[in-house]
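Student: when you get a sec, could you give me coordinates for this:
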Amino acid sequence: YYQPKIRVEDRKLCGCEALVRWNLGDRIAPPSEFLPILEKESAICQLDFYVFETVCTDIRDWLNAGITPVKVSSNFSRLHLKNKFLADDILAIMKKHNIESKYIEIELTEVSDFEDSMAMQNFVNKMREKGISVSIDDFGNGYSTLSVLTNFNVDVIKLDKSLLEHIGEGDEHDKIVLKNMVSMMQELNKEVVAEGVETEEQASLLREFNCHMAQGFLYDRPLPY
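Tutor: Residues are numbered from 1 along each chain as shown. As a prediction, the model looks like this:
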């Protein structure tokens, strides 16, 4: 599945995120039902590479059909950071399908321990050397800290949907936090994507705060391909 990323000011498509669903025949299982199990068993790494290979295959199909694709982001679990050849493995798949770096973005969840932080720094640097964008997913959720903005030279910060979900309930604190997060990230030359946008009020606030990209059910749900 692909969920569009939208330019907030004019609602034009500016990217998309590759997502996985499990077709059980009578229903489609959401990732919350199976990803935690795969993460616990480390099988998530196989799934991530399956999704990434599919992304590269689809991009190649679009290009061969004369369609210029938007940049596609693909998720990789922090468990991949134990693989010192992660960057090489990603580049090998891109080379196999002849995919240029401008079409790819790698999404990682922020890490908390020192060993993984060092591995992430090395990985991000290798990706950027090849012109491949790297984003930090779910920023503002759980243990996220502002140190990620200085410790990792990532291109994109994706704001967790929790930062938007209480907008409109009368408490101004969430608006203040969101406004200053977006402003600070832009001053640090990071692209900012707001996740989980579901209402026009949220979209209007993002325009007011100059957050230029968003994704969420207001614009479109993840779409099968």
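Student: in the chain, which helix or strand is least confident?
Tutor: Here the helix or strand of the chain ranked lowest by mean pLDDT, DSSP states H and E is helix 147-151, holding a mean of 77.
Student: list the buried residues in that one.
Tutor: Neighbour-count burial for helix 147-151 flags 148-149, 151 (criterion: 16 or more other C-beta atoms under 10 Å). All C-beta atoms are positioned from the backbone trio N, CA, C, and that covers glycine.
Student: dump those to TSV, plus distance to Glu105.
Tutor: Converted to TSV, these look like this (distance: C-beta to C-beta, whole Å):
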residue	distance to Glu105
Val148	16
Leu149	18
Asn151	19
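Student: quick check, nearest of those residues to Ala43?
Tutor: Distance to Ala43, by C-beta to C-beta, is smallest for Val148 among the buried residues of helix 147-151, at 26.6 Å.
Student: longest helix in the protein, by residue count?
Tutor: In the chain, assigned by DSSP state H, the helix with the most residues is helix 44-64.
Student: which outside residues touch that one?
Tutor: Under the contact criterion C-beta atoms under 8 Å, 6 or more residues apart in numbering, helix 44-64 has outside partners 18, 20, 35, 38, 68-69, 72, 74-77, 79-80, 83, 89-90, 93-94, 96-99, 103-104, 225.
Student: okay, and which of those map to strands?
Tutor: Among the contacts of helix 44-64, DSSP state E puts 18, 72, 74-76, 104 in strands.
Student: most surrounded residue in these?
Tutor: The residue in these with the most neighbours, by other C-beta atoms under 10 Å, is Ile104 (25 neighbours).
Student: quick one: that one from Glu17, how far?
Tutor: 12 Å (C-beta to C-beta, to the nearest Å).
Student: anything in contact with each of the two?
Tutor: Residues touching both Ile104 and Glu17 (C-beta under 8 Å, 6+ apart) are 72-74.
Student: the ones in strands among the contacts of helix 44-64: which two are farthest apart?
Tutor: Distance extremes for those: the farthest pair is Val72 and Phe76 at 13.3 Å, using C-beta to C-beta.
Student: report how many residues lie close to Asp58.
Tutor: 16.
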